[in-house]
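Trainee: Provided below for reference: sequence and predicted model.
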Amino acid sequence: YLGYVTYAAEEGFTGLPEIQFDLVVWFGGKEADYAALEDGEESPRPNGYYIRNDDSLELVLRVADRVEVTSVWYHYVTGLDLVPLPITFAQFVEAMTGEPSGHQVNMVHDPWWVTIVDGEIVSIEEQYIP
């Protein structure tokens, strides 16, 4: 699932690791153009993608103890090599809820892919947005 993380905590509302997640739909290629046109947005899309977020529902999702998190921006310093690298859930929470600096600010604005198994998030992967 793809969405924006609006809250992250090692001990959330339930006392367990969790994120608050605003689910979105990603369109690419011609589908992005059609979806954007349908929503009254610019079409064709200049970057070849369109993100639809047509409701304000946010889900609170439990995070597994051994969640795998990868981020494009957390370790980025300079250069053009935007490779997703592993980070800890604690580093993710700090960047998403604390005072991110430098390129980590991008993490707050990027959408994230989450994989859910047995009701828990087992992976969180940043979607790079050009």
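Mentor: Cool, the structure landed. Predicted model only: the values in this text are computed from it and were never measured.
Trainee: now do the SS call for V105.
Mentor: Classification of V105 using DSSP: H, G, I helix; E, B strand; the rest coil returns helix.
Trainee: any idea of the pLDDT on it?
Mentor: Here, the pLDDT recorded for V105 equals 91.
Trainee: quick one: residues contacting it.
Mentor: For V105, no residue meets the contact criterion (C-beta atoms under 8 Å, 6 or more residues apart in numbering). Bear in mind the C-beta positions are built from the backbone N, C-alpha and C, glycine included.
Trainee: and the helices in this protein?
Mentor: Ranges of helices within the chain are 29-38, 89-97, 105-109, based on DSSP state H.
Trainee: can you lay out these as JSON lines showing distance to I124?
Mentor: Rendered in JSON lines, the data for the helices of the chain read as follows (distance: least, C-beta to C-beta, whole Å):
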{"stretch": "helix 29-38", "distance to I124": "24"}
{"stretch": "helix 89-97", "distance to I124": "7"}
{"stretch": "helix 105-109", "distance to I124": "11"}
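Trainee: D33 versus the residue nearest to the spatial centre of the chain, what's the distance?
Mentor: Nearest residue to the geometric centre of the chain (C-alpha atoms, centre = their mean): W112, 1.8 Å. As for W112, its distance to D33 is 24 Å (criterion: C-beta to C-beta, to the nearest Å).
Trainee: ditto for D55
Mentor: Note on D55: its distance to D33, by C-beta to C-beta, is 22 Å.
Trainee: which of those two has more neighbours?
Mentor: Neighbour count, other C-beta atoms under 10 Å: between D55 and D33, D33 has more, with 18 against 9.
Trainee: related to what we said a few turns ago, ok, the residue nearest to the centre of the chain touching I129?
Mentor: No: taking contacts as C-beta atoms under 8 Å, W112 lies outside contact range of I129: 11.1 Å.
Trainee: spatially nearest residue to V24, not counting backbone neighbours?
Mentor: Spatial nearest neighbour of V24, chain neighbours left out: N53 (4.5 Å); criterion: C-beta to C-beta, 6 or more residues apart in numbering.
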